[in-house]
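> Pasting the sequence and the predicted model now:
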Amino acid sequence: MTTKLLIIGGVAGGATAAARARRLDEHAEIILFERGEHISFANCGLPYYIGEVIRERDDLFVTTPEAFRDRYNIDIRIFSEVVAIDTKNKHIEAKNLKTGEQYKETYDKIILSPGAEPVKPPFRGVDLDGIFNLRTVPDSDRIKAHVDNEKPQSAVIVGGGFIGLEMAENLVHRGVNTTIVEMLDQVMAPLDLEMAAMVHAHLKEKGVACELGQSVQSFSKKGSRIIVSTDKGHDIACDLVIVSIGIKPENRLARGADLQIGERGGIKVDATMRTSDPDIYAVGDAVEIKDFVTGLPTMTALAGPANKQGRIAADNALGRRSIFKGTMGTTVVQVFDLTVASTGATEKVLKQHNIPHLVSHTHSGSHASYYPGARTMAIKLIFSPSSGKILGGQIVGMEGVDKRIDVLATVIRGAMTVYDLEELELAYAPPYSSAKDPVNIAGFVAANILKGDLEIINWNQIGDLDRDRDVLIDLRNTDELDTSGVIKGALHIPLNELRKSLPELDKEKNYVPFCAVGLRSYIGHRILVQNGFRSRGLSGGYKTYLGAKETIMKESPLTRLWLSE
């Protein structure tokens, strides 16, 4: 018996499901409905098209409806909106948006891929000319035309997520002075605060103003300019506004069909991507899925998981058993000269759900320090205090960040531990890495913590120290203090002089040795504890502390360390 499969929505999830379904069953009747003009385009490329990094508009399209139809023998219906699903009688109602004609189509199985839509906040004046959202190709056309024709001198981006940061970079590339307004105290929600703070510093270095911890209240016009008013009483005048405060799942069809919906509005699916109706599957930005690390329900608007879900839904709709095991939310984004990446759980999410964890911070070169061009990357590793299992990772740097986050994502997927990180045999040649890769270094430090060889405090605990009882020891050389500054009140003892200075120290006090990035503080810690002193090293060293304080950093050509200006 021939299966009739309807796929509602294209792009990553729907188009992938359609192609997979055809490869599985040459004789299935497959119809793909798309209310727009394009069934498969590169959402992630839209900011770069506006910024003219991607020069040709056609480069945004993965395929055309005609090419897809010819290759896969699928009935492609663009400008066709499915307006209702009748699960009892197993048909849908569709509307041709060109002619207004409405008609019914029966089905055996449905795969929903409706995606998500930008959150349109109830701000007064949000519909004024010059205020845009960015989600689709037509959105990018409107924004690019505005930049090309109106030549705005300044812009405000409301929201500091992926699209917001990418738009900031691309508007600056077009010569537009840009301000980011974000209601949270940080940009990039998939990062923890101290890692996001490094991004804040870099944005400021590039001339992007960051108005954090404040919400937009309204938009208004003053002459030809838009006035963005915030809850902190700030009025920011600009010529262009991009509202990018998040997305919400398109669940109207699912609600109309009485499918189960999660608390955040996502369509509930099981591991086969099946909804509460056994003949309807759902994929992509609109679905509620399982977080691979925590096991909790989550939603993620990423092309990678959507593609995998499309394949899995097609498999199951056509009788082949496949399972989606959850998402880790692995992401990477370019922010001017920085590469910012994360995978797995963040520390703030683990704290929110009372999941035990430990963290470590390391700073390593992208390749061997003696080979020209090595750049430092900051790595935050999050792991289980009992088993050492890796729970999450975040990296901010320049060269080589994408490679290392992919290693960490693979390690998490494989349920590996910090001890496995120590033993990973990764490719090494001077232009590409070091004999001890940054991932190995992160494993060594985390394993030292678990083995009891290193006790640490984190950057945010410095302010809680009792300075009468707790003594900071700065183990850096004198010339480093001159160029990068100090932590006020710290005792300065260069590491090579620590042993001979031990008689001058008080064993009744607690010592916190620190250096630039953590290596010398580890050595200092071992010296102290083996001579009867109480010691806790500062994780990630002065560099992590400075980064968390949003100090603009720069690399020394000699030491390859990030130093404050």
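Nice, I can see it. Residues are numbered from 1 along each chain as shown.
> So which elements touch the helix or strand harbouring residue 111?
Under the criterion of DSSP states H and E, residue 111 resides in strand 109-112. If you count contacts as 3 or more C-beta pairs under 8 Å, 6 or more residues apart in numbering; DSSP states H and E, strand 109-112 packs onto strand 4-8, helix 11-24, strand 280-282, helix 303-317. C-betas here are computed from N, CA, C, even on glycine.
> how does it look with 7 Å?
Strand 109-112 sits against strand 4-8, strand 280-282, helix 303-317, with contacts defined as 3 or more C-beta pairs under 7 Å, 6 or more residues apart in numbering; DSSP states H and E.
> For residue 225, which of those is the nearest?
Closest approach to residue 225 among the helices and strands packed on strand 109-112 is made by helix 303-317 (36.3 Å; C-beta to C-beta).
> if we can go back for a sec, go through the helices and strands packed on strand 109-112 and name the closest to residue 139.
Checking those against residue 139 by C-beta to C-beta gives helix 303-317 as the closest, at 17.1 Å.
> in that closest one, what counts as buried?
Within helix 303-317, the residues scored as buried using 16 or more other C-beta atoms under 10 Å are 303, 305-317.
> returning to that earlier point: nearest to residue 340, of the helices and strands packed on strand 109-112?
helix 303-317 (16.8 Å).
> The closest one: what's the following helix or strand?
On the C-terminal side of helix 303-317, the nearest following helix or strand under DSSP H and E is strand 331-335.
> The most far-flung residue of the chain relative to its centre: what secondary structure?
When distances to the mean C-alpha position of the chain are computed (C-alpha atoms, centre = their mean), the maximum falls on residue 503, with 48.8 Å. Assigned by DSSP: H, G, I helix; E, B strand; the rest coil, the conformation of residue 503 is helix.
> Kindly give the local confidence score, pLDDT, for it.
Note on residue 503: pLDDT of 96.
> check contacts around it.
By C-beta atoms under 7 Å, 6 or more residues apart in numbering, the contact set of residue 503 is empty.
> ok, now how distant is it from residue 118?
Summarising the geometry, the distance separating residue 503 from residue 118, computed by C-beta to C-beta, to the nearest Å, is 65 Å.
> What of residue 548?
The gap separating residue 548 from residue 118 is 31 Å, by C-beta to C-beta.
> Of these two, give the one with the bigger neighbour count.
Neighbour totals were compared for residue 548 and residue 118, and residue 548 leads with 22 against 19 (other C-beta atoms under 10 Å).
> Could you find the closest non-adjacent residue to that one?
Counting by C-beta to C-beta, 6 or more residues apart in numbering, residue 548 lies nearest to residue 194, which is 3.8 Å off, once chain neighbours are set aside.
> is it true that that neighbour touches residue 550?
No - with the criterion set as C-beta atoms under 7 Å, residue 194 and residue 550 do not qualify as a contacting pair; they are 9.7 Å apart.
> circling back to that earlier point, what number of residues lie near the residue nearest to residue 548?
Residues lying near residue 194 (other C-beta under 10 Å) number 25.
> next one: residue 253
Neighbour count of residue 253, defined by other C-beta under 10 Å: 23.
> Skipping its backbone neighbours, what lies nearest it in space?
For residue 253, ignoring the flanking residues on the chain, the nearest one in space by C-beta to C-beta, 6+ apart is residue 85 at 5.8 Å.
> Check the gap between that neighbour and residue 27 for me.
Between residue 85 and residue 27 the distance is 24 Å, computed by C-beta to C-beta.
> Kindly report the same for residue 401.
The value you get for residue 401 to residue 27, if C-beta to C-beta is used, is 46 Å.
> So for those two, which sits in the more crowded spot?
Neighbours per residue, other C-beta under 10 Å: of residue 401 and residue 27, the larger number sits with residue 401, 23 against 9.
> For that one, which residues are in contact?
Shown here is residue 401, whose contacts under the criterion C-beta under 7 Å, 6+ apart are 339, 341, 377, 395.
> Neighbouring strands - and their directions - for the helix or strand where the third one lies?
Taking DSSP H and E as the criterion, the element that holds residue 377 is strand 376-383. Its sheet considered, strand 376-383 pairs with strand 358-365 (antiparallel), strand 390-397 (antiparallel) by DSSP bridges.
> Using PDB, write out the CA atom coordinates for that strand.
Extracted C-alpha coordinates of strand 376-383, given in PDB (Å, rounded to 0.1, in the frame of the first residue of the first chain):
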ATOM      1  CA  THR A 376      44.800  32.200  23.300                       C
ATOM      2  CA  MET A 377      41.400  30.600  23.900                       C
ATOM      3  CA  ALA A 378      39.500  30.600  27.300                       C
ATOM      4  CA  ILE A 379      37.900  27.200  28.100                       C
ATOM      5  CA  LYS A 380      35.300  26.700  30.800                       C
ATOM      6  CA  LEU A 381      34.700  23.000  31.500                       C
ATOM      7  CA  ILE A 382      31.700  21.800  33.600                       C
ATOM      8  CA  PHE A 383      31.800  18.300  35.000                       C
END
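> Show the average pLDDT along it.
What strand 376-383 shows for mean pLDDT is 97.
> neighbouring contacts of that strand?
When contacts are taken as C-beta under 7 Å, 6+ apart, the neighbours of strand 376-383 outside the stretch itself are 192, 195, 198, 345, 347, 350, 357-366, 389-397, 400-401, 404, 418, 438, 442, 446, 544, 547, 555, 560-562.
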